[in-house]
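In: Just need the structure, nothing else, for what follows:
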Amino acid sequence: MFRMAGSTAVRRLWKQVADVKVNGDIPLAVYRSQRSELRVAVAGVPGPMVKGLISFATETNSDDGLPHTLEHLVFMGSKKYPWKGVLDIIANRCLASGTNAWTDQDHTAYTLTTLGSSGFLKVLPVYMDHVLAPTLTDAQYATEVHHINGDGEDAGVVYSEMQNYESDMESLVSWTRKGMMYPPNNSYAVETGGRLENLRSSCSNEKVRAFHEQFYHLSNMMIVVCGPVDHDKLLAIIESSEERFLSKIPKEFRRPFSTDIPELKESQMKKIECPADESVTGVVEIAWFGPKAQELYEVSALSVLSDYLRDTAVSPLEKDFVQLEDPYCSHVNLSMDEQTKCTLVMEFSGVPVDKLELVKDRFFDKTLREHADASKFDMNRMEFLINQSILKCHTKMETDGHNQIFHTLIGHQLYGDRDRFEEDLRIRMNEVDTLKKLASEPASFWSNLMQKYMNKPHVCVIGDPSEELVTVLEQKEHQRLEAQKESLGADGLMNCKNKLDCANKANTENKPSADVLEELIVQDLEKFNVFDIRLEDNFGSSAPSLLKKIPVPTFLHDGPSKFIELHVVMDTSTIPFELRKYLMLWFEVMFESPARIDGKVLPYEEVSVLATKDLISQSVGLGIAGYFDRFMTLRVKVDAKELNNAAKWLDIWLKGVVFDEERLKVALNKLVKHADELRRDGSSVVNHLHSRTIHSDDSNAAAYSTLSLQKFHEKLLKEKNGSIVEKLTKLRDLVLSAPLNVHLVCDNEEVQRKNEATEDMWQFLGQGVQNGTTKPKKLECTAGEEIVWDRFSGGSQSVIGIGATESSFLKQSAEFPEGWNGDSTMETLLLAQYLSQCEGPLWRAVRGKGLAYGANIYVMPDKHLLTCSLYRCSQTVEAYEVTKNIVKEILSKKSFDESEFEAAKRSLICELFESRDTVKTAAKESIVGTLRNTSASFLSDFTKRIWAATPDQVFEKGGPHLEALFDDSKSVRSIVVHPSKLKELESHFAGIRVTSLKSLQI
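Out: Model (predicted):
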C-alpha cells in the first residue's frame, strides 16, 4: 500500500479522524474535509485492483423509486461532461470494466474498479462530477426511466428492471411485511427501486431533480478507496473537485433516518395471494424490531444468535422446520437489517401450501418456547461457531476485503455515533474483538436475548401461490394496455413514437471531443501488484516435501495466505448415468448425515458440531470455477496450522458418511421443494432450458440439475426398500476408484512450519491406485465434451411460458471451437467485449432504449461456446432484432469507433486481472490453468496481445464466430416469457417449439 507521510500543502484542508486496522489485518485511514465534512476512507487491501465507492444516505417516502431512478440518470452525463455514457467510456479507457451502482433502502452507492491506481485517479474527478452535477434532462428520463413507445407499451431501463419484481412472491411478501411494520410513507416501508404503477404515473424528472438537490452534496457523501493508492495524490485530486461544489452544500441538512421508529403495539398477520404456475409451495416471513443501530454489542450478538439458530443441519430452525421427513419448508433464513431500529426477518421458503398457516405457531410454540430454557442452548456448538466466525472474519480480509470494508463503512456513515466517531468506527471495524467478548457470554445471555427480541409483537406475512392470479393479472394488464392505447389514439401513439425518437436522438447526438478522450486514458501498461502463485506438483523427484507423502497427483498453489484450502477433484466420466443422477442427493446429504469418526458412528448432529469446530468451511459440487462438469470437487478450508484436520475431514466426507434413509428423505424433500421455487424464476428456467437443449441427455449437466431431477427425486421419495442407499454406496465406490487430483492452496513455508505431514493421513486418497482400478495421472478434460454439436446444425429454438415473471429472458449459443490457447480466442473475446462493454453498441441500442436490462455476448473457451444473453427484457422481439442487427452491421462495415476499441482492450484486460484480484481467486485461476494447459506467463502474454491488437485482426479472426452466433442454421435459441407473450414469440420466431418444464425432466 502507498502511504506517504503527508505533505503540508495537501493535508492542510484535511483532518485524519481515524487510523485503525480492520480485524487487525488491513490498515484503514479516514480523512475529513475541513471545508465540507466530506469523508474519505482509504484501506490498504492487497492486490492489483483499486476499488472505490461513493455513497450517499438517501431517504424517500414513496414508491416512486426516486433513489433508483436518480442512480440510473447519474450515468447519463454531467454538467462538465455532458455526453451520455461518457463516464463508462472514460472508465474503460482507464483500465476499468465500466462502473456500477446499487440502490438500497437507506443509501445509494456508486462503484469503480480499475487495474492499478493511475486510471482510478483519472476517472475519480469525472465520477464526482457525474454524481454531484448530473444533467438530468427530460430526454434522459424518458429512455432511462419510463416511456410509452409507438405501440402503446410501457418501457424504460428502470421500468424493465422492476418488472421482474412485480410478480415475484418474495418481493410481494416483503413489500407487504414492510407496509405492516412501519407508519405510512415511512422510508423503510417504501420500494426505493420504484413500483411499476408509480413509475408510470407519479414519478417525474422534476421530483428526481429535487431529490438530487436534497441528498447529493458533499456533506452527505463518503468516498472509500481500497487498494494500492497514494493517500496524498488521492486527497489532492478529490480536493480539486470538491472546490467546485462547496456552494451546493445546504445551510441546513437534517441527517437522514434520524426519526425514531415506533415499536409494534400488537402482532399482525396477513395472507396474500401471489401469482404462480403451480399452487405447490409458498413463503412465510416473520419480523420483529431489534436494537438501535448504535447498540453495537447487541447488534453483533443478534448476528451470532442468527447464525446459531439457522446455520447447518443441526441448528434449531433447521431441526424444527427442515430436517424432518415431513418438512415445514425447504429453507429457512434469519437475517438482520441494520436500520435506525434494526429488524430481524425470518423467512421460510418452499413451504407446502397445507403448512403455510402452521409455520408461525410452530416457531413460537416450539422453537422460541424451548429456548426460554437456557439449558437448551448447546454452548459447545456456540463456542465452536464463534471461533469459526472469528476465522471467517480473517479469511474475508483475504477473499473479499473491499466489500467487507465498504459494507461496514456504509453502516457507520448511516448510523454511526458522530460524537464518538473513531471509537464507533473502531468497534465496527474490529468484529473479531466483539466476537471474543461474546464467546464468554453464558447460556442465559443468549436465552434472554432471544426472548427479548422475539417474544414480543411481530409481523407475519404468508405468500400463498395462486394459479388463478396469473390469468387475472394477465387479463388486467392486457386491459390496461388496451385502454392506454385507446386513450392515446393513433395520433397519440405517433406522438409517443416521435417523443421517443427525439429523446434517443437528444441523448446520443453529441459526443466527447478527441481532446477530452485523449486526456482521459491510460497510455501504458504498468506493472501491477499481482498475487504470485507458484505452482508445483509431486510428479517428479523434485516434489516439495509437503506433497511427497500424498499418493495421488497433487498440485501445490503456493501463495500468501493464512489458510489452507484443499480441493479433491474426481473424474465422474466413466460412471453410468443412472448412478450419476444420484450425485446431487449425495452432495445434499454429505454434510448432514451420520458418519464414522475414529471407529465410531456418530449421529449427524454430533458430526455437524465437530465439523464446525475443526473447519472454516466446506463445499462439494460439480465442476471447477463453473466449468469442467465431468469433475466432482470436494473442498475444505482450515487455518494454516490445521493441515491434519483438513485431511481428516476429507477422509470423513468421502468415506465415512453413513447413508441413512431418514436423512435421505429429508434431503429429497428439500430438493423437490427447492425445484418448486426455481420454477418461478425466469432466469433460472432459461438457463435450465438452454443447458438441457445443448448438452447430451446423459451429461452431468442433465444429471446435476435441480429442475431436471425433480420428477426423479419425487420418485425416490416413494421408495422404501433401501435401494437408494445401495445406489449411493455404489456411486461412492466408483467415484473413489476413479482418477483424482488434489490441489493444495496455501503458503507453503507457513504450512510446513506449523504442520507435520505423515503418509497415514493421506492414504484414504489412494483407493483407486491401491486396488488397481486406476493409475495416477494428471486429469484432463476436453472443452465442450458434453455438448451435442449436432443440435446446432440446422438450428434449434425453444420457449417456455412462466406466469410468475413479467420479464423475458433469452439465450442463444453457437459453437466456438477454440480453447484459451486458440488461434482466434483473443480476437473473439475482444470483439465480444467491444460489443458488450458498458456504453458500447449493445448497451446503447438495447439497454439504453429500455428494451432489456442487459444485452451481452460471452465467449467461453472452456465450453467451446459463444452465447448471446438478453436479460430482463421488456420488449423481447425488438431487443433481439436490435441486437442481431447491431452485430451484423458492425461485422459488415468492419469498422470500430477508435475510442471504444481502445476502451474495449483496457476493459477486457481489467476483467482478466479482476478474476485474479485476491489470493483466493488467483489460486482458483491457477487450478483451472492445470486443465486449460496454459503457461505460467499466459496472463502476461495474453494481455500484451490484447494491447497490440488491431481492428483488421479482430474482424478477420473474430468476425466469423459472431456471424455464426446469429445464423439460425448454426445456433440454439432458448427463451422464457410470460404466457401472454407466447403468441408474439411464435409469430416472430417461425418454427419455435413451445415446451414445458415437465418435458425437460429425467
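In: and the spatially most central residue of the chain, what does it touch?
Out: With distances taken as CA atoms, centre = their mean, N403 lies nearest the centre of the chain, 12.1 Å away. Shown in contact with N403 (CB atoms under 8 Å, 6 or more residues apart in numbering): no residues. From N, CA and C alone the C-beta is placed, and that goes for glycine too.
In: how close does it get to L409?
Out: 11 Å (CB to CB, to the nearest Å).
In: for the top helix by length along the chain, the distance to its chain's centre please.
Out: Longest among the helix segments of the chain by residue count, using DSSP state H, is helix 467-508. Mean-position distance between helix 467-508 and its chain equals 33 Å (CA atoms, centre = their mean, to the nearest Å).
In: So for the helix or strand that that helix is followed by, mean pLDDT?
Out: Sequence-wise, the next helix or strand downstream of helix 467-508 (DSSP states H and E) is helix 514-519. Per-residue pLDDT over helix 514-519 has a mean of 91.
In: thinking again about what came up before, so the residue nearest to the centre of the chain: helix, strand or coil?
Out: Following DSSP: H, G, I helix; E, B strand; the rest coil, we place N403 in the helix state.
In: picking that back up, who are the packing partners of the longest helix of the chain?
Out: Applying 3 or more CB pairs under 8 Å, 6 or more residues apart in numbering; DSSP states H and E, one finds that helix 467-508 contacts helix 138-144, strand 147-148, strand 268-275.
In: and L566, which of these is closest to it?
Out: Checking those against L566 by CB to CB gives strand 268-275 as the closest, at 43.2 Å.
In: neighbouring strands for the helix or strand just after that closest one, and are they parallel or not?
Out: Using DSSP H and E, the helix or strand that follows strand 268-275 in sequence is strand 281-292. Here strand 281-292 has these sheet partners by DSSP bridges: strand 341-352 (antiparallel), strand 459-466 (antiparallel).
In: mind checking which of those is nearest A949?
Out: Of all those, strand 341-352 comes closest under CB to CB, at 47.3 Å.
In: all strands for the stretch 1-150 of the chain, in order.
Out: 14-22, 26-33, 39-43, 49-57, 96-103, 107-115, 147-148 (DSSP state E, counting those that start in this stretch).
In: Which of the residues in the fifth one are classified as buried?
Out: To tie it back to what came earlier, the one meant is strand 96-103. A96, S97, G98, T99, A101, T103 (16 or more other CB atoms under 10 Å).
In: With adjacent residues omitted, what lies nearest to the last one?
Out: To tie it back to what came earlier, the one meant is T103. Nearest residue to T103 in three dimensions, chain neighbours excluded: H68, at 4.3 Å (CB to CB, 6 or more residues apart in numbering).
In: The third one too?
Out: Distances taken as CB to CB, 6+ apart put C838 closest to G98, at 2.8 Å, once the chain neighbours are dropped.
In: Doesn't the one you found lie inside a strand?
Out: No - assessed with three-state DSSP, C838 is coil; it does not lie in a strand.
In: That one and D88 touch, don't they?
Out: Yes - between C838 and D88 a contact is recorded at 3.8 Å, counting by CB atoms under 8 Å.
In: which neighbours do those two share?
Out: G98, T99.
In: need the helices for the stretch 751-900 of the chain, in chain order.
Out: 767-770, 825-836, 841-842, 876-893, 898-914 (DSSP state H, counting those that start in this stretch).
In: contacts for the shortest one?
Out: Spelled out, that is helix 841-842. Y834, L835, S836, A855, N856, I857, T883, I886, V887, I890, E900.
In: Which of the helices or strands spans M382?
Out: Per DSSP H and E: helix 379-399 holds M382.
In: in that helix, what counts as buried?
Out: 381-382, 384-399.
In: returning to that earlier point: can I get the helices and strands packed on helix 467-508 in a markdown table including mean pLDDT, mean neighbour count and distance to G282?
Out: As requested, these are exported to a markdown table (pLDDT from 0 to 100; neighbours: other CB atoms under 10 Å; distance: least, CB to CB, whole Å):
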| stretch | mean pLDDT | mean neighbour count | distance to G282 |
| --- | --- | --- | --- |
| helix 138-144 | 95 | 22 | 35 |
| strand 147-148 | 96 | 22 | 35 |
| strand 268-275 | 97 | 18 | 7 |
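In: Any idea which of those gets closest to S204?
Out: Using CB to CB, the nearest of the helices and strands packed on helix 467-508 to S204 is helix 138-144, at 7.9 Å.
In: ok, residues contacting that closest one?
Out: 69, 72-73, 76-77, 84, 156-158, 204-205, 208, 499-500, 502-504, 506-507, 848-850.
In: Would you show me how to pick out the buried ones of those in ChimeraX?
Out: To isolate the buried members of those in ChimeraX, using 16+ other CB under 10 Å:
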select :69,72,73,76,77,84,156,157,158,204,205,208,499,500,503,504,506,507,848,849,850
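In: Mind putting the strands of the stretch 1-150 of the chain into CSV with distance to H567?
Out: Output for the strands of the stretch 1-150 of the chain, formatted as CSV (distance: least, CB to CB, whole Å):
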stretch, distance to H567
strand 14-22, 28
strand 26-33, 26
strand 39-43, 29
strand 49-57, 24
strand 96-103, 28
strand 107-115, 27
strand 147-148, 50
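In: Relative to P960, which of these is closest?
Out: Of these, nearest to P960 by CB to CB is strand 96-103, at 25.6 Å.
In: I'd like the average pLDDT over the closest one.
Out: The model assigns strand 96-103 a mean pLDDT of 95.
In: Tell me what I462 is bridged to.
Out: So, taking DSSP bridges as the rule, I462 has K271, V284 as bridge partners.
In: what's the burial count for it?
Out: 23 (other CB atoms under 10 Å).
In: Kindly state the domain boundaries assigned to the protein.
Out: With domains defined by the TED database, the chain comprises 14-257+503-520, 268-399+408-464, 534-573+602-624+631-680+707-762, 789-1000.
In: Reformat the ones you listed as a markdown table; add distance to E592.
Out: Listed next are the domains of the chain as a markdown table, based on distance: least, CB to CB, whole Å:
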| stretch | distance to E592 |
| --- | --- |
| domain 14-257+503-520 | 25 |
| domain 268-399+408-464 | 4 |
| domain 534-573+602-624+631-680+707-762 | 6 |
| domain 789-1000 | 25 |
